[in-house]
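Trainee: pasting a predicted model and its sequence here:
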Amino acid sequence: MRVTLLLLIVGIVGCSASRPPSGLLPQYAAAPPGPGPILISDPIAPTYRAAHSGDRALDMFLSRMAIALRDHDWRRLAQGFEAQAYAEQYALMKSENGDRSDADVVAQILAETIGLGNVGNNLNVDGRRNPDNPFQGLDRISDVEQIAVDPPGSAYRQVTGLVILQDGSSRSLSFSVIQDTEGRWRISVPMG
């Protein structure tokens, strides 16, 4: 009886935890969630190499962001960004071109923030975003390799690496992380 009750409680908690939270801001709601929660024990893609920063909290954060990239969990990736800067960039891009979909704006912010929206380093096959399928380029990512985190010991670090696409080609990964006043690491969102 106790085992049955325990399994029932675990099942209810597991199901309720898998539902997307209601009331998400548009910049988070427009980013599709991945297949499920990221656990510390989740395996990382075979070619993944974590650049050891010397900071356990930063290494764990970067591992979770790499898993979010690999698993196409765009909502988790967005939630790893500096919240205020992400909201400001989202509002700026929506005000400049209000007829763009929320998803199109979010996909552009995600790609550009991690250094994957530049000419010659674009994820889209023809170099152009597809407003009808805004995550099409990001969804081509199949693997992540973080190579370096510099400078050591700083509250502001540059992360470099590669993303491997489904066709076997690669693109340069480059983004900054900052440590907030509470000691949490976040991906820095460039403005403009």
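Mentor: Good, I have the coordinates. This one's a predicted model, so the numbers in the text were calculated from it and none came from an experiment.
Trainee: show me where the protein has its helices.
Mentor: 2-18, 26-29, 56-70, 74-79, 83-96, 102-113 (DSSP state H).
Trainee: what about the residue nearest to residue 66 when sequence neighbours are not counted, how many neighbours?
Mentor: Spatially, and ignoring its direct neighbours in sequence, residue 66 is nearest to residue 144 (4.3 Å; C-beta to C-beta, 6 or more residues apart in numbering). All C-beta spots, glycine's among them, are computed from the backbone N, C-alpha and C. Counted with other C-beta atoms under 10 Å, residues neighbouring residue 144 total 26.
Trainee: can you check the pLDDT for residue 144?
Mentor: Residue 144 is assigned 90 on the pLDDT scale.
Trainee: likewise residue 141?
Mentor: Residue-level confidence at residue 141 comes out at 94, pLDDT.
Trainee: what sits closest to the residue most central in space within the chain if chain neighbours are left out?
Mentor: Residue closest to the mean C-alpha point of the chain, counted by C-alpha atoms, centre = their mean, is residue 77 at 2.0 Å. Counting by C-beta to C-beta, 6+ apart, residue 77 lies nearest to residue 68, which is 4.3 Å off, once chain neighbours are set aside.
Trainee: can you pull the contacts of that neighbour?
Mentor: Applying C-beta atoms under 8 Å, 6 or more residues apart in numbering to residue 68 gives the contacts 34, 38, 74, 76, 77, 80.
Trainee: quick check: the fourth one touching residue 33?
Mentor: Think residue 76. Yes. Between residue 76 and residue 33 there is a contact at 7.1 Å, judged by C-beta atoms under 8 Å.
Trainee: that older thread, of all the helices of the chain, which one is nearest residue 164?
Mentor: helix 56-70 (9.4 Å; C-beta to C-beta).
Trainee: give me the low-pLDDT residue ranges for this structure?
Mentor: Along the chain, the model assigns pLDDT under 70 to residues 1-22, 36-52.
Trainee: again, only using 80
Mentor: Low-confidence segments of the chain (pLDDT under 80): 1-24, 35-54, 98, 118-119, 125-129, 192.
Trainee: before we move on, back to that, who's in contact with the residue nearest to the centre of the chain?
Mentor: Going by C-beta under 8 Å, 6+ apart, residue 77 touches 31, 65, 68, 69, 110, 114, 187.
Trainee: if you rank those residues by neighbours, which is first?
Mentor: Among the contacts of residue 77, the one with the most neighbours (other C-beta under 10 Å) is residue 69, at 28 neighbours.
Trainee: tell me the contacts of that residue?
Mentor: Residues in contact with residue 69 (C-beta under 8 Å, 6+ apart) are 77, 114, 141, 144, 163.
Trainee: how far away is residue 180 from residue 188?
Mentor: Distance, residue 180 to residue 188, using C-beta to C-beta, to the nearest Å: 11 Å.
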